[in-house]
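In: A predicted structure for the sequence below; I have some questions about it.
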Amino acid sequence: MLAPNQPSAASLPRPLAKRRLLWGGATASSQYEGAFSAGGKGLDTQDVRPYLPRTSNATTATRLLTRSAVERAKSDTAGTYPFRTASDGYGHLDEDIALLKELGIDIYRFSISWARLFPNGDEQEPNAEGLAYYDRVFSAVRNAGMKVFLTLTHYALPLNLVESYGGWTSRVLIGFYVRFAQVVFERWGEFIDFYLPFNEINAGYFSPWNGVGLIKPEDGPYNQSDVFQSLHHQFVASARVIEMQRRVAPACQSGCMVADFCYYPHTCSPEDNLKTIREEQVNQWFAIDVLARGFYPTYMDRFFTEHGIRIELKSDDLEVLARHTCDFVSISYYQSSVCSTNETAEHTAGNLVCTVKNPYLQATEWGWQIDPIGLRTALNKLYDRVHKPIFISENGMGARDVLERDNGSAVVHDPYRIDYLTRHFEQIDEAVADGVDVIGYIMWGVIDIVSAGSCEMEKRYGVVYVDADNHGNGTYERIKKDSFTWYRDFISSRHGNEE
Ligand code: BGP
């Protein structure tokens with residue numbers, strides 16, 4: 001019996017039709033393919049990053065390269081440059097796609113190596129051998145029955161574009177980039193379901209070598225105007241690519257992506273709270289506001305003024321950004337972060353940024369704080385802000401897995417990863433129940449790959465182990481971890497429930 005003012009069921013809003021979530025796995029060309037000089041590929045920004053034994057200085061030194069470090073790398077034959085061999089995905093293509101098919105994922109995220117298609121980045125015509133390689137990749141994925149989530153560029157930039165043009169500080173890169181993207185959509189557009197013009201576009205701010213191809217001054221920090229000018233060029237390039245793709249391959253869904261940091265204030269002091277909002281705006285929402293909502297947010301004016309940052313805009317840039325916003329938004333999510341005005345608060349590492357330690361959370365061996373509920377929070381906040389469908393394009397646990405022998409067979413027991421994934425998947429379901437429109441989930445580094453942050457092989461995310469070490473020694477044999485069976489069964493139970 002309804003109370004007098006209670007609405008009848010017929011007058012309640014209808015619940016949103018729920019999507020069938022897509023479950024996937026990801027690699028990125030530079031971290032996975034190796035074969036850095038095969039088939040006419042040019043050198044790119046990742047090929048010159050050395051492996052340096054882990055200390056915080058080493059991590060920074062291999063992420064923020066100076067001109068002398070680049071010069072050294074080009075002629076160094078003794079050092080270890082992990083991206084040159086990576087997981088040898090180039091040599092294991094058929095085997096790896098067969099493994100992904102057995103895993104049962106709906107969608108495979110991978111990226112195209114710009115320098116494999118355009119070795120110097122500025123050629124008029126693509127490299128035929130590069131085209132032939134990606135012909136094989138796209139048809140293998142299609143034949144395995146998987147959808148494609150393509151990252152046009154995932155950090156790796158042809159080195160020539162850095163050395164001859166100054167990376168993304170130069171506006172000419174927009175034209176080179178659209179030419180590269182047009183080749184991709186004209187040739188493979190029919191295979192592409194979802195795509196990102198750039199991986200984690202906000203990385204340009206924190207990791208300018210990887211993100212926007214900027215050489216670090218030998219002594220001292222980056223010029224922030226260069227960083228934000230480069231980001232502006234990437235924003236315009238994203239919008240131009242979307243404009244072109246809608247003509248050339250209209251069925252593809254375009255996205256934008258940021259690394260989501262899920263900030264919490266350290267205390268409930270107004271100062272901590274305000275700092276949290278500011279960091280969230282500049283570090284995370286800025287790129288989303290430009291690319292998904294189509295405008296430069298006003299909160300950046302003060303940030304630019306206070307930091308002496310000047311950006312040159314062409315007269316139609318703002319209109320281009322406003323007209324060609326993306327269809328969906330996406331995030332990488334590895335950890336939540338804490339903001340504090342207390343400069344002496346204890347810090348820990350995280351994806352791209354360091355953060356204050358959260359006493360309520362445990363962390364991985366690399367210090368990244370594990371927070372499944374933070375994923376639900378992040379999804380809710382993002383959806384509230386943009387009201388566009390969301391793809392979780394990266395998540396997973398980097399851990400030091402141990403290869404063991406069990407009755408002569410190679411095995412990897414990784415219960416910690418199964419626990420991590422289980423708890424994150426529960427929170428995705430909660431976010432969907434909250435009303436967030438989630439398209440799908442993509443596990444990062446589904447087959448073990450080289451770490452983008454620290455160039456290590458021993459920081460593994462996959463459900464498939466690759467037998468190689470930090471120095472590139474090993475058989476490169478593929479071994480299914482316990483989490484492989486677990487993820488396969490999870491996906492198949494989801495398909496069963498939803499059919
Ligand atoms: C993101 C990148 C990935 C990736 C991941 C994990 O920032 O998009 O390329 O590698 O983080 O980071 P790491 O490899 O440093 O553990």
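Out: That came through, no problem.

In: what's downstream of whatever helix or strand A115 lives in, the next helix or strand?
Out: Assigned by DSSP states H and E, A115 falls within helix 114-117. Remark: after helix 114-117, the chain's next helix or strand is helix 128-143, criterion DSSP H and E.

In: who does Y333 bridge with?
Out: Taking DSSP bridges as the rule, Y333 bridges to D260.

In: what residues are up against it?
Out: D260, C262, G374, L375, A378, I392, E394, N395 (CB atoms under 8 Å, 6 or more residues apart in numbering). C-betas here are computed from N, CA, C, even on glycine.

In: what pLDDT is listed against it?
Out: Looking at Y333, its pLDDT reads 98.

In: and if you look at C354?
Out: According to the prediction, C354 has pLDDT 87.

In: quick check: the gap between it and L361.
Out: Per CB to CB, to the nearest Å, C354 is found 15 Å from L361.

In: looking at these two, which is more packed in?
Out: A count of neighbours by other CB atoms under 10 Å puts L361 above the other of C354 and L361, at 17 against 13.

In: okay, the more buried one: pLDDT?
Out: According to the prediction, L361 has pLDDT 97.

In: find the nearest non-adjacent residue to it, please.
Out: Counting by CB to CB, 6 or more residues apart in numbering, Q369 is the residue found nearest to L361 once chain neighbours are left out, at 4.3 Å.

In: do the same with R310
Out: Nearest non-adjacent residue to R310 (CB to CB, 6+ apart): S225, at 5.2 Å.

In: can you tell me which residues in the stretch 301-450 of the chain are near the ligand?
Out: For the stretch 301-450 of the chain, the residues in contact with the ligand under the definition CB under 6 Å from any ligand atom are S332, N351, L352, E394, G398, W444.

In: just give me the neighbour total for H471.
Out: By other CB under 10 Å, 12 other residues sit near H471.

In: which residues does it contact?
Out: By CB under 8 Å, 6+ apart, the neighbours of H471 are Y51, T80.

In: please give the element, helix or strand, for it.
Out: Assigned by DSSP H and E, H471 belongs to no helix or strand.

In: residue of this structure nearest the ligand, please.
Out: When scored by CB to the nearest ligand atom, the chain has G453 as its residue closest to the ligand, at 2.5 Å.

In: is that residue in a helix, a strand, or coil?
Out: What DSSP: H, G, I helix; E, B strand; the rest coil gives for G453 is coil.

In: contacting residues around the spatially closest residue to V412 that is not a sequence neighbour?
Out: Distance criterion CB to CB, 6+ apart; nearest residue to V412, sequence neighbours excluded, is K481 at 4.0 Å. Residues in contact with K481 (CB under 8 Å, 6+ apart) are D401, V411, V412, H413, D414, R417, G462, V463, V464, Y465.

In: gap between the first one and L361?
Out: Looking back up the chat, that one is D401. Counting by CB to CB, the separation of D401 from L361 is 22 Å.

In: repeat for the fifth one
Out: For D414, the distance to L361 equals 20 Å [CB to CB].

In: same question, the second one
Out: Counting by CB to CB, the gap from V411 to L361 is 30 Å.

In: check V436 too.
Out: Per CB to CB, V436 is found 22 Å from L361.

In: now M146
Out: To L361, M146 is 34 Å away according to CB to CB.

In: then Y195?
Out: Applying CB to CB, the value for Y195 to L361 is 33 Å.

In: now S29
Out: Computed as CB to CB, the S29 to L361 distance reads 33 Å.

In: which residues of the stretch 101-250 of the chain lie near the ligand?
Out: Residues of the stretch 101-250 of the chain lying near the ligand (CB under 6 Å from any ligand atom): N199, E200.

In: what does the model give the residue nearest to Y299 when sequence neighbours are not counted for pLDDT?
Out: Excluding its sequence neighbours, the residue lying closest to Y299 (CB to CB, 6+ apart) is Q281, at 4.8 Å. For Q281, the pLDDT comes out at 98.

In: what's the neighbour count on Q281?
Out: Counted by other CB under 10 Å, the residues lying close to Q281 total 16.

In: next, it: phi, psi?
Out: With angles defined as degrees, to the nearest 10, Q281 sits at phi -60, psi -60.

In: give me the element S393 is part of.
Out: If you go by DSSP H and E, S393 is part of strand 390-394.

In: so what strands line up beside that strand?
Out: Strand pairing for strand 390-394, using DSSP bridges, gives strand 328-333 (parallel), strand 438-443 (parallel).

In: pull the last one out as PDB, backbone CA atoms only.
Out: Presented in PDB, the C-alpha positions along strand 438-443 are these (Å, rounded to 0.1, in the frame of the first residue of the first chain):
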ATOM      1  CA  VAL A 438      30.900   2.000 -17.400                       C
ATOM      2  CA  ILE A 439      31.700   0.500 -20.800                       C
ATOM      3  CA  GLY A 440      34.300  -1.900 -19.700                       C
ATOM      4  CA  TYR A 441      37.500  -2.700 -17.800                       C
ATOM      5  CA  ILE A 442      40.900  -3.300 -19.300                       C
ATOM      6  CA  MET A 443      43.600  -5.000 -17.300                       C
END
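
In: show me what counts as buried in the following helix or strand past it.
Out: Using DSSP H and E, the helix or strand that follows strand 438-443 towards the C-terminus is strand 464-466. Residues of strand 464-466 classed as buried: V464, Y465, V466 (neighbour count, 16 or more other CB atoms under 10 Å).

In: stretch 56-69 too?
Out: Residues A58, T59, A61, T62, R63, L64, L65, A69 are the ones in stretch 56-69 that count as buried (16+ other CB under 10 Å).

In: again, but for stretch 477-497
Out: Of the residues in stretch 477-497, 478-484, 486-488, 490-491, 494 count as buried by neighbour count, 16+ other CB under 10 Å.

In: so which of the residues you listed are in helices?
Out: Secondary structure from DSSP state H places D482, S483, F484, W486, Y487, R488, F490, I491, R494 of the buried residues of stretch 477-497 in helices.
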